[in-house]
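J.: Give me a model of this one.
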Amino acid sequence: MHALTVSPSMAAKLGWVWLLLRVCYPIAFAHPSMSPALWGAQRRLGISWVSFVTWPSYGIIGSLLWGVARASSLDE
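T.: Got it, this is the predicted structure:
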């Protein structure tokens, strides 16, 4: 929808970043095979490594949706 109503080039750029973040999921989910230092850092932070992939992905989706909502409200 963003590519149709706002900017195809921006939608493509954000889509590639989103896809690259998704590629990081297997690494983030591989916590049992992580080094003890990384596993300890995750425990100390109290946050899963998956969050470092998930939240930026949500941000990208939100910005795409916001652009569509803004473009549709300007058309009225």
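
J.: list the contacts for Trp18?
T.: Contact partners of Trp18, counting by C-beta atoms under 8 Å, 6 or more residues apart in numbering, are Ser57, Ile60, Ile61. All C-beta atoms are positioned from the backbone trio N, CA, C, and that covers glycine.

J.: Check it and give its pLDDT.
T.: pLDDT, Trp18: 95.

J.: Please identify the buried residues of the helix or strand Val68 falls within?
T.: According to DSSP states H and E, Val68 maps onto helix 51-75. Under the neighbour-count criterion of 16 or more other C-beta atoms under 10 Å, helix 51-75 has Val53, Ser57, Ile60, Leu64, Gly67, Val68 buried.

J.: For the fifth one, list the residues it contacts.
T.: Gly67 is in contact with His2, Thr5, Val6, Ser7, Met10, counting by C-beta under 8 Å, 6+ apart.

J.: Show me which of these are buried.
T.: His2, Thr5, Val6.

J.: Distance of the last one relative to Ser73?
T.: Same thing as Val6. Look at Val6 and Ser73: by C-beta to C-beta, to the nearest Å, they are 12 Å apart.

J.: Over to the first one?
T.: Spatial separation of His2 from Ser73 under the definition C-beta to C-beta is 14 Å.

J.: Show me how far the helix holding Val68 is from its chain's centre.
T.: With C-alpha atoms, centre = their mean, to the nearest Å as the basis, helix 51-75 stands 10 Å off its chain's centre.

J.: what does stretch 11-27 give?
T.: The answer for stretch 11-27 is 7 Å, by C-alpha atoms, centre = their mean.

J.: Report the buried residues of it.
T.: Ala11, Leu14, Trp18, Leu21.

J.: quick one: contacts for the first one?
T.: Same thing as Ala11. Contact analysis of Ala11 by C-beta under 8 Å, 6+ apart lists His2, Ala3, Leu64.

J.: okay, and the helix or strand of the protein with the least pLDDT?
T.: Scoring the helices and strands of the chain by mean pLDDT, DSSP states H and E places helix 36-45 at the bottom, with a mean of 75.

J.: Could you list the alpha-carbon positions for that helix in CSV?
T.: Taking Å, rounded to 0.1, in the frame of the first residue of the first chain, the C-alpha atoms of helix 36-45 are listed here in CSV:
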residue,chain,number,x,y,z
PRO,A,36,28.6,-17.6,27.6
ALA,A,37,29.5,-13.9,27.3
LEU,A,38,26.6,-13.1,25.0
TRP,A,39,24.2,-15.3,27.0
GLY,A,40,25.3,-13.5,30.2
ALA,A,41,24.8,-10.1,28.6
GLN,A,42,21.3,-11.0,27.6
ARG,A,43,20.5,-12.2,31.1
ARG,A,44,22.0,-9.0,32.6
LEU,A,45,20.0,-6.8,30.3
